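**Student:** this is a predicted model, with the sequence first.
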Amino acid sequence: MTVLLVPYHLDERLPEDEFPVTADRVVAKPLEGETFWARVAGLYDLVGDAVATAKRPTVVTADCTVALGVVTGLQRLGIEPSIMWFDAHGDLHTAESSASGYPGGMVLRTLLGDGDPAVTAATGLTPVPPERVTLVDARDLDAPESAYLAESVLKHVPVEAATAPEGPVYLHIDLDVIDAGALPGLRFPVSPGPTPDEVRNAALRILETGRVVAMTIACTWHPKEGAAPIAEGLIAELVAAAKDSRREP
Ligand SMILES: NC(=[NH2+])NCCC[C@H](N)C(=O)O
């Protein structure tokens, strides 16, 4: 099991020491392209290669959009995973429905096939069927996201009810799923919410199945506002559990 650090928030490169984890490998490159999605898609193509060669990695980064590269990499290995998406938010916007324009709010929808074509062009990512996606918590949904969920077979469960479906699982944890009162400086804070222990227990339950083929940990806070030292222990525990639990394919 390899810890890959992708030291970016969207297309902004961040110092590696902002991330409270020891990485085996850093994935970074100069970003090129006319549009935001073209720039990051080049990075996610590289993340895809890193995921495909690392096998069963934990990817640590500062946003959720890197998930596009993780699923790309799994697909390059011939793995079509179910996705367990821990997040305070739904990330189910299209470019049209998003009021903020924040790309991280569009990632899950991009994975489902409704994203910017530049991503598919650069990575070869193919859409994940909605029946393979479980949104965990997502207590702060915008109206277009609730409307999409109401029409979709995508599952939506609270943290305490999160259990892994059959087959290979991609476990994505945006740490903003934790009650914002426990993690200062989150970019999109939502309170109240699950405690760090509740999130840890749910994640460990899923890791214990031995079927987690990749995990991401998204450190979605503003650097230097105090979240990193608080989250360090939890991240170390998740990485250790991922190392222990994974069966070789
Ligand atoms: N994973 C996240 N932090 N997502 C933040 C999304 C916030 C809000 N729903 C938006 O789309 O603007």
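**Tutor:** Ah, there it is.

**Student:** show me the contacts for D116.
**Tutor:** Applying C-beta atoms under 8 Å, 6 or more residues apart in numbering to D116 gives the contacts 35, 37, 41, 95, 110. Bear in mind the C-beta positions are built from the backbone N, C-alpha and C, glycine included.

**Student:** just the buried ones out of those, please.
**Tutor:** Buried subset of the contacts of D116 (neighbour count, 16 or more other C-beta atoms under 10 Å): 37, 41, 110.

**Student:** what residue in the protein comes nearest to the ligand?
**Tutor:** Per C-beta to the nearest ligand atom, G105 is where the chain lies closest to the ligand, at 2.3 Å.

**Student:** if we ignore the residues flanking it in sequence, what's nearest that residue?
**Tutor:** Spatial nearest neighbour of G105, chain neighbours left out: H93 (4.7 Å); criterion: C-beta to C-beta, 6 or more residues apart in numbering.

**Student:** where does this structure have low pLDDT?
**Tutor:** Within the chain, the segments meeting pLDDT under 70 span 246-249.

**Student:** show me the strands in it, by range?
**Tutor:** For the chain, the strands defined by DSSP state E occupy 3-5, 8-9, 12-13, 25-26, 58-61, 82-89, 133-140, 155-157, 169-174, 212-218.

**Student:** possible to save these as a markdown table with mean neighbour count?
**Tutor:** Formatted as a markdown table, the strands of the chain follow (neighbours: other C-beta atoms under 10 Å):
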| stretch | mean neighbour count |
| --- | --- |
| strand 3-5 | 22 |
| strand 8-9 | 20 |
| strand 12-13 | 12 |
| strand 25-26 | 12 |
| strand 58-61 | 26 |
| strand 82-89 | 26 |
| strand 133-140 | 22 |
| strand 155-157 | 17 |
| strand 169-174 | 26 |
| strand 212-218 | 26 |
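
**Student:** would CSV of those strands with distance to G233 be doable?
**Tutor:** CSV is the format used below for the strands of the chain (distance: least, C-beta to C-beta, whole Å):
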stretch, distance to G233
strand 3-5, 16
strand 8-9, 22
strand 12-13, 26
strand 25-26, 22
strand 58-61, 14
strand 82-89, 18
strand 133-140, 21
strand 155-157, 26
strand 169-174, 15
strand 212-218, 13
